[in-house]
Each structure stands twice: as C-alpha cells, then as structure tokens.
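**Q** Take a look and give me a structure for this.
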Amino acid sequence: MQFSCKRLAFSWSMLAALLLPQAPLHAETSVADQVIQQLESSGALDKAVERVLDRMRQQQIAAQQAQAEKAAAQKLELAKKARVVDPKTDIIFGKADAVVSVIEYSDFECPYCKQFADVPFQVIKDFPDQVNLVWRHFPLPFHDPMATKEAVAATCAAQQGGNDAFWKFSDAIFKGTRGNGQGLPGAAGDDPMMALARAQALDLDRFKACIASENSRNLVAADLQDGVGAGINGTPGVILVNHKTGAINVMPGAVPAEVLRSAVDELLKQ
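**A** From the prediction side, this is the model:
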C-alpha cells in the first residue's frame, strides 16, 4: 500500500468539511485550504505523517521477526528428524560417546564445505571429551556426477580402514579438488579416486569393487535422504545435538569457528 501527501491532504479536507458543516459551499475549498496550511505551517501534518510511517515500519519489523522466529522453529522441528547418531554406522571424529555431536551434511565439491572443512576440528580441540563430529554425505545435484563419485569413494575408504581412513581420504579430496563439480585433477587415463586410494595404500581391488557396488551408493543416498528429511537444503548443513538433554541447534552454513564454538558451548550448558 502506498501513502502520499495528496491522499492525506484529501482526508484533512473532508475533516474540515465535517467540522464546519454550516460553511457555504463556495467557501468549502478555501476553508479546507486554510486548515491544511495551518497544519503544515505548525508542523502537525508532517508529524502525523511521520507517526503513520513509523507505525508502518514497526509493524513491518514485527512481522519480519515473527516470520523469522516461525522459520527457525520449523527448522528445529525438522532437525529432530535427523537419524540418531550410531557409532556402528556413522563416520565419527572424536569420542563416540561425546555429549554433543556436530552433524555435518557435506558435499566434497562445495566451495563452502571446503572452506568450512577444518572448522569443526578446531572446535573439537577445545572440547575433546564432550564433542564429536559426525559426517553425512549430501552431494548436490549440480555438482554431480563428481560429488557423488567422491562421496562413494570416501565411503569405500572408510569400509577398508574405518574412520581414520575416511578422514584422511576426505581431507585429501578437499585439499585437491577444484570444486564446483570439477573434481581432482589427474593424469590422462588415471581415475583420480583410484590414484588417491593408491597413494593411501588401500587395497585397490577391494576399493574398485566397492565403488562399483550398489551398497556403497545406497549408503550415500541414505545420508542424502536423511538430510532432506531433517530440513537440510544446502551445504554445509550443520545440526548440533546434545544427546543427554535432547537439545538441538541448527547452524546457517559455513560459520566461523568462533560462532560454532559459541553454539557448542551453549548447547553443553543446556
């Protein structure tokens, strides 16, 4: 809705007509003009307009705040649907029974994930016995096929060497990838994932068979669907969970270490 001085001036004209019902018809316009001029010269009209505009601004701010609070509440409700952390199936860095888990839904080809990659490790160093990092794959469609290929390869590394092999493999991907679906550079005719597996002394036959298996792709797809169900719509998507209290927090993307640290500390206090 648009407001203008002309519209307000018309309202004051009508007011003047109502206040002076006995005035001759030919004098109505001049009387209304005099009232408006008096209001303008005294500053009363400007103050009235400013009050209206200020009231509109406050209403707009209140509506935006209410909308933001509603959206935040909805995010928290969805986050509760995230799969329960299980050391038997999840990739975990840190103590398996830590009080708080930083669940990260990530895409190896996402530049923001690459930027954020070291942040959780920095925070866990400050809370070594209380916080762990849980990795879940969330390859974005516009980064495929490379994002899914790398997720499957990292999963296969974990199946051979457990959590340590996974973190070593994923670190190498993040450090080497060109991002945005371009993947790791490699020699002609040599699959970069196989080259990485070779460099990390993995059993290449087992690794190759794992990459080709439907089971490995299903594990990546299960992580992706879990993230979608938990309200993740971009990467990195981070959900913090306090396993003792059930308290949950959702982080907005690649936040700095101090922001994640503060959120973790707050969740521990709860």
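**Q** got the buried residues for stretch 250-265?
**A** In terms of neighbour count (16 or more other CB atoms under 10 Å), stretch 250-265 has its buried residues at V250, M251, A254, V255, A257, L260, R261, A263, V264. C-beta: built from backbone N, CA, C; applies to glycine.
**Q** next one: it to chain centre, how far?
**A** 11 Å (CA atoms, centre = their mean, to the nearest Å).
**Q** and the nearest residue to F93 once chain neighbours are set aside, what element?
**A** Computed as CB to CB, 6 or more residues apart in numbering, the closest residue to F93 that is not its neighbour in sequence is L133, at 4.3 Å. Per DSSP states H and E: L133 is located in strand 131-137.
**Q** Residue for residue, what is the longest helix the chain has?
**A** The longest helix of the chain (DSSP state H) is helix 44-79.
**Q** what is the mean pLDDT for that one?
**A** If you average the pLDDT over helix 44-79, you get 80.
**Q** contacting residues around the residue nearest to F93?
**A** I92, F93, G94, S101, V102, E104, P120, F121, I124 (CB atoms under 8 Å, 6 or more residues apart in numbering).
**Q** Can you flag the buried ones in those residues?
**A** For these, buried by 16+ other CB under 10 Å: I92, F93, G94, S101, V102, E104, P120, I124.
**Q** can I assume the first one is in contact with N163?
**A** Yes - using CB atoms under 8 Å, I92 and N163 qualify as a contacting pair, with a distance of 6.0 Å.
**Q** Just give me the closest of the buried ones among the contacts of L133 to V241.
**A** Using CB to CB, S101 is the member of those that sits closest to V241, with 4.9 Å.
**Q** Could you tell me whether that closest one really is in a helix?
**A** No - assessed with DSSP: H, G, I helix; E, B strand; the rest coil, S101 is strand; it does not lie in a helix.
**Q** returning to what we had before: remind me what whatever helix or strand comes next after the longest helix of the chain packs against, helices and strands.
**A** Using DSSP H and E, the helix or strand that follows helix 44-79 towards the C-terminus is strand 91-93. Counting contacts by 3 or more CB pairs under 8 Å, 6 or more residues apart in numbering; DSSP states H and E, strand 91-93 is packed against helix 119-126, strand 131-137, helix 146-176.
**Q** One more pass at 6 Å, please.
**A** Counting by 3 or more CB pairs under 6 Å, 6 or more residues apart in numbering; DSSP states H and E, the packing neighbours recorded for strand 91-93 are strand 131-137, helix 146-176.
**Q** Would you format those as CSV with distance to P87 and mean pLDDT included?
**A** Converted to CSV, the helices and strands packed on strand 91-93 look like this (distance: least, CB to CB, whole Å; pLDDT from 0 to 100):
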stretch, distance to P87, mean pLDDT
strand 131-137, 9, 98
helix 146-176, 9, 97
